[in-house]
Each structure stands twice: as structure tokens, then as C-alpha cells.
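J.: Need coordinates for the following:
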Amino acid sequence: MVQQVQRRKDQLLLVLLSLHYLFVLSFGVATGHFEHAAGPGSLAMIAAASAFFWKPGTLFSRGVIAVSLIIFSGILIHLSNGRIEMHFHVFMSLALLSIYYDWRVIIIAAVTVFTHHLLGLLFPFFQVYGSQGVGEIFLLHVLFVSLTSAILCYQSYVINHSISTINHSSRVLSEHDLVQLLHYVQQVASGDMTATLELKAEMVPVVANDELGYASRLFNQLIMGLRSIGTATSQMGQDFSEILRSSQENVNHINNLCERILNSAGNEDLQNLPSVNIEEYYHHLDTGLRKQIEVTSAKMVLASLRLDMLQHQLETKMNEQNSLNHQLAEMSRARERFFASLSHELRTPLTSILGFGELLVTEMQGPLSPVQLNSSKQIFQSALNMQQLINDILDFSKMQAGKLTVYPEKTVVAEYISRAIGEVEILAETKNLSVTTQIDHKLTALTDPHRLHQILLNLLSNAIKFTNPGGSIQVRAFELRYEGGDAWWQSGKTPWSFARAFPVIKLSPGCWVCIQVIDSGIGIASEKLPVIFEEFGQIEDGVIRNTGGTGLGLAIVTNLMELLNGQVVVESVSGEGTTFSVLLPLYRSTLLALPAGLETLGCNAN
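T.: As a prediction, this is how the structure comes out:
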């Protein structure tokens, strides 16, 4: 991709040189000096074209094109008999060459200008100063060309340095810190409260007070937010682990007390009570019956005292347990505050980084060099991955707490499919994937539009991840009528089957909207199908290392489909691609005998 962008810039300059060549020939004919224009112009054009076709997109081709462009400036100055106005073409040429953002090209062009003007100073044949003061004009041109070249070289250095530093820190975040964050979440989810989070991302220098400088400062805020979250989560995990340990000790102690009380209640020898020889104490009693009654009464008093003491200890332990429960509630609230902080501290700078990254990728702030464009795309894609990871973690937390709410409404399916495809278009182009659609644009579903968009993004992202470069992805949407069992009908007359789908469909008979995402990727083995819908469930480690992912996406999709009264199923063969089918209730605006304002589901008339 970088080489292609470099060749396109060389090709653009070559087209401009061709236009210059035609203009110079015309100007030579008009001034009566065609032989002075045709020779040098043809030589410059042939050299530039040869360099482009021999080594396109290299420093060599850029240098030859730069020299050729300055030669055309010299020809125009010569043909105009050294008119001072024609010297402005030199500065226009330097401005055109700045699109490379390569200070070496600017230096080559500036040296060529100095050489040409020096020849004009030494040899009147080149005639670059007209009839004005030669020495004064030469010094002025040297000064202006030097200042212009210095400014353009500094601009190229600032932009290259800024993008390279941000790209380095972005790579550390995406390749290490995000992986550590995911690993930490997996450890906590598995019950390991001793897990810690260590981050390695470093602050990036702010080298300019412009858009790139602002993006650098936002990047630094993101890193500081990640560090504070890492410190807070590590401390929270240690505190939570200590509370659980103390709670388990108290529970074990209470169980021991209860067992001792039960043993005491059924033990005539009172082995768990203080050792007292009541028989000797009452040896002076005369009657055996009285002696037996008194001994039994004393035993009951001692047992009552012992039970009171045990009850007091039990109440103390219960108070301690209540205190621990209160601490656990505080920890739960702290967990909610943590995810709120995660949303604020990470989403806010990420939004700005995505905005500036999109401006750089689309070159709306000016053309970038191929290396800069590639780096900008990496920054933009890494920020998208971070945003998806944050959204998955927050949604997963809400689902675990039972606080995720959906708002079903009439939704035009085609609109949200097109929107989701547009958001992953850059990622698909990066892998040279073709994305086609086959959609019934009149389909409407009763669903939450925001959650439908989230489901489609997850399925499309997975399809792109697990499809090799040059593959294809197809998105289909159509209506199905379900009559129970495996009796499905498309458009009311064409039979359809989900016999090979996993899991088994558990929907009620009726009409449904079916959205399918079909890829020609690596496929999934049948024994791995149940794993992919589990929380943090992923296939082979080698595949994950090559594609990335949190293991939460399909688990979130499954939970969302349950909330939306639908179902998601998968059909796949290893090495032959995968098809995910999303089944949502069909919507139509036919009013039945229901309260005013309510609309219900039903099949469209065939």
C-alpha cells in the first residue's frame, strides 16, 4: 500500500511535468526560441519518465522529478529573457514538491535552483536576471529560496517526527497494553482477585502546537487514564481478595460454632462444656432422688450459660459478617464507578483521536507521504479497536449486572446494514476484501436500532478478521416464515432450512427478518461452535494471535438477541467459510384489536 501511494504521487508530478512540457514548447514557439525550449525540456521529460518507470516511489525517482521541475522553471525564466515575475515559478515548484514531505527532495530542488542561477550569473547565455542588477538579484534569490526551503524542510521534519512518535506509542498500546487489559479482565472474570495490571505505554512528546500536537496531548491523556485505571484496579483487586478471605474465615468459624452448639445439645456428658464435678458437690444430699434432680438442674444452668455465651459469639460474628457485606456492597459501587471512569477517561480522548485520525487518513489536512498515511491508518485502526474493546467491556459489565436495557421500535434493516458496512469499509479495503449485499430494502424489524448496529458491527468485524486477503463477504437480508420444526419458507414459497445451524432454533412460529453475514474465511470446526458463543470463548491460540479479539463479541451478540426476542445461529465448515444468521421479529403497521397506538407483528401479504 505504501509503495502504491508513493507511485501515485510520482505519477501526479509526472502529469504536471507533461503539462509544463507542452506549455514550454508553446511558449518557445511564441517567443521564437523553440530550439532553446525543445532540447532541455525534452531531456528533462525523458529523465523524469525514465526514473518513474525504472524505480517508481523511491528517493531516486523523486529526486529526478524535482530536478526536472526546476529545469522547466529555468527554461521559462530563459524564454522570458530573465523577467523577475517568472522567477516565482521556482517557489511554485518548491511548493509542489512539498507534497512528498521529504526534506531531501526540497534540498535537491534548492541546490538545483542555486546551480542554475549561478550559471546565469557566470554565463550570460542562461540569462536569468534580465537587465537588472545581477549581484543584488542573485543574493535576494539565494536568500528567498533558502528561507523557503528551510521552512518546508522543517515542516516535513515536524510532521514525520510527530506521526512516528504517536505511531510508536499506539503500537505499544495495541500490541501490549490492550492485551494486558484483556488478560486482566479475563482473570477477574475467572475469580482471580490477585490479578494486577501493568502498562508500558510512554508519553509522546508534543513537538508542534497544531492538529498533530493536539492529537499528541490527547494521546498522553489516554495513557495517563490507562495508568490511573491500572493502579485503581490493582488496588481494588487486592482489597476485594482480602475481604473474600476474611469472609470465608468468618463463615467457617460460624459453622464450627453451630456444630458445637448442636453437639452440646445432644451430649449427656457435656464434653464441650466446662469441666465441673457436680456429683462431688452434692455428696452431702441424703436422698438419691433429690441428688439426681439437683445434679440435672445444675447441668441445665451450665448448659444455658454456655449457650448464652455461644449466642453472643454468634451475634458478634454476624455483625462482622454484616460489616463485610457492607464492604462488599461498597466494592460493588466502586466497581460501577470504575466502569464509569473507564467510559469517561478512555472514550473522551478516543473520540478526538478518531476524529483527527480520520482527518489524516482522508488527507483532508493536506497530502501525506506514503509512510505517514500508513502510520495514520494504523493509529486510526488501533483507536477503533480500543473503542470496540471498551464498548464490549462496558456492555459485558452491564449484562452481568442485569442493567442492560433495549428499546425496540420500527427499524428499516437496510439503513443500518449500509451504515455498518460503511464503518468497516477501510478495514475491508486494507485486506482487499469484496463486500456485496443482497437486501430487501422494504424490510422492517421490531428491534433496538442501536443494538442492531452493534450486532452487525461485531459480525462484520469477525468476518473481516477471519477472512484471508482477497476473499469475499456477503450480507443478505430477507423475510422468512417459520411453521415449526425445520419448516422455513422464504417469501412464502421457497423452502429454507437451518438444519446445519448451531444452536438449535428455539423461536415461535411466525414471520422473521433474517440477516446473514457470509464470509469465505477460514471457517470453524464443528466441535468449536459451542465455544465461540461463550464469554471469553475463542478458537485456537494461533488464530487469535493473528487476528486479535476479546472473546466477548459473540457472547454480547447472543445476550442482545435474547433481549430482542430473536436468535443468532451459525453454519460453518472448517476451511470453507462461515455464515452467521440473525433472526429478528418482523414488523408491520397493521393494527389489531389492541389499545390505541399499539402496533403488532405479522407476515407481509404474499
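
J.: Roughly how far does residue 482 sit from residue 566?
T.: Residue 482 sits 12 Å away from residue 566, going by Cβ to Cβ, to the nearest Å. No exception for glycine: its C-beta is placed from N, CA and C like everyone else's.

J.: overlap in contacts of those two?
T.: 507, 512 (Cβ atoms under 8 Å, 6 or more residues apart in numbering).

J.: so residue 370 makes contact with residue 57?
T.: Yes - between residue 370 and residue 57 a contact is recorded at 7.3 Å, counting by Cβ atoms under 8 Å.

J.: From residue 91, how far out is residue 388?
T.: 47 Å.

J.: Just want to know which of the two has more residues nearby.
T.: residue 388 (18 against 14; other Cβ atoms under 10 Å).

J.: you'd agree that one is up against residue 461?
T.: Yes - here residue 388 lies in contact with residue 461, judged by Cβ under 8 Å, at a distance of 7.1 Å.

J.: what about residue 582, helix or strand, and which?
T.: Assigned by DSSP states H and E, residue 582 falls within strand 578-585.

J.: Each with direction, which strands does that strand pair with?
T.: Next to strand 578-585 in the sheet, as set by DSSP bridges, lie strand 510-519 (antiparallel), strand 567-572 (antiparallel).

J.: export these to TSV and tack on mean pLDDT and distance to residue 108?
T.: Listed next are the strands paired with strand 578-585 as TSV, based on pLDDT from 0 to 100; distance: least, Cβ to Cβ, whole Å:
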stretch	mean pLDDT	distance to residue 108
strand 510-519	94	48
strand 567-572	93	56
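
J.: Reformat those strands as CSV; add mean neighbour count and distance to residue 219.
T.: Shown next, in CSV, are the strands paired with strand 578-585 (neighbours: other Cβ atoms under 10 Å; distance: least, Cβ to Cβ, whole Å):
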stretch, mean neighbour count, distance to residue 219
strand 510-519, 22, 33
strand 567-572, 20, 36
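
J.: can you redo the ones you listed as CSV with distance to residue 394?
T.: Output for these, formatted as CSV (distance: least, Cβ to Cβ, whole Å):
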stretch, distance to residue 394
strand 510-519, 24
strand 567-572, 21
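
J.: quick one: residue 407 and residue 452 touch, right?
T.: No - using Cβ under 8 Å, residue 407 is not in contact with residue 452; the gap is 11.2 Å.

J.: ok, then the element right after the helix or strand harbouring residue 78?
T.: Using DSSP H and E, residue 78 sits within helix 59-79. For helix 59-79, the following helix or strand on the C-terminal side (DSSP H and E) is helix 88-97.

J.: how about that next one: buried residues?
T.: Across helix 88-97, burial judged by 16 or more other Cβ atoms under 10 Å covers 89, 90, 93, 94, 96, 97.

J.: Next, the angle from that helix to helix 59-79.
T.: Counting by axes from the mean of the first three to the mean of the last three Cα atoms, to 10 degrees, helix 88-97 points 160 degrees away from the direction of helix 59-79.

J.: Can you dump the C-alpha atoms of the helix or strand just after helix 88-97 in PDB for me?
T.: Going down the chain from helix 88-97, the next helix or strand is helix 103-122, by DSSP H and E. Output in PDB follows, covering the C-alpha atoms of helix 103-122 (Å, rounded to 0.1, in the frame of the first residue of the first chain):
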ATOM      1  CA  TRP A 103      13.300  17.300   3.200                       C
ATOM      2  CA  ARG A 104      15.800  15.500   1.000                       C
ATOM      3  CA  VAL A 105      13.700  16.300  -2.100                       C
ATOM      4  CA  ILE A 106      13.500  20.000  -1.100                       C
ATOM      5  CA  ILE A 107      17.300  20.200  -0.700                       C
ATOM      6  CA  ILE A 108      17.800  18.600  -4.100                       C
ATOM      7  CA  ALA A 109      15.500  21.200  -5.700                       C
ATOM      8  CA  ALA A 110      17.100  24.100  -3.800                       C
ATOM      9  CA  VAL A 111      20.600  23.000  -4.900                       C
ATOM     10  CA  THR A 112      19.400  22.800  -8.500                       C
ATOM     11  CA  VAL A 113      18.000  26.300  -8.300                       C
ATOM     12  CA  PHE A 114      21.300  27.700  -6.900                       C
ATOM     13  CA  THR A 115      23.300  25.900  -9.600                       C
ATOM     14  CA  HIS A 116      21.000  27.200 -12.400                       C
ATOM     15  CA  HIS A 117      21.100  30.800 -11.100                       C
ATOM     16  CA  LEU A 118      24.800  30.700 -10.500                       C
ATOM     17  CA  LEU A 119      25.200  29.600 -14.200                       C
ATOM     18  CA  GLY A 120      23.100  32.600 -15.100                       C
ATOM     19  CA  LEU A 121      25.500  34.800 -13.100                       C
ATOM     20  CA  LEU A 122      28.600  33.400 -14.700                       C
END
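
J.: Thanks a lot, catch you later.
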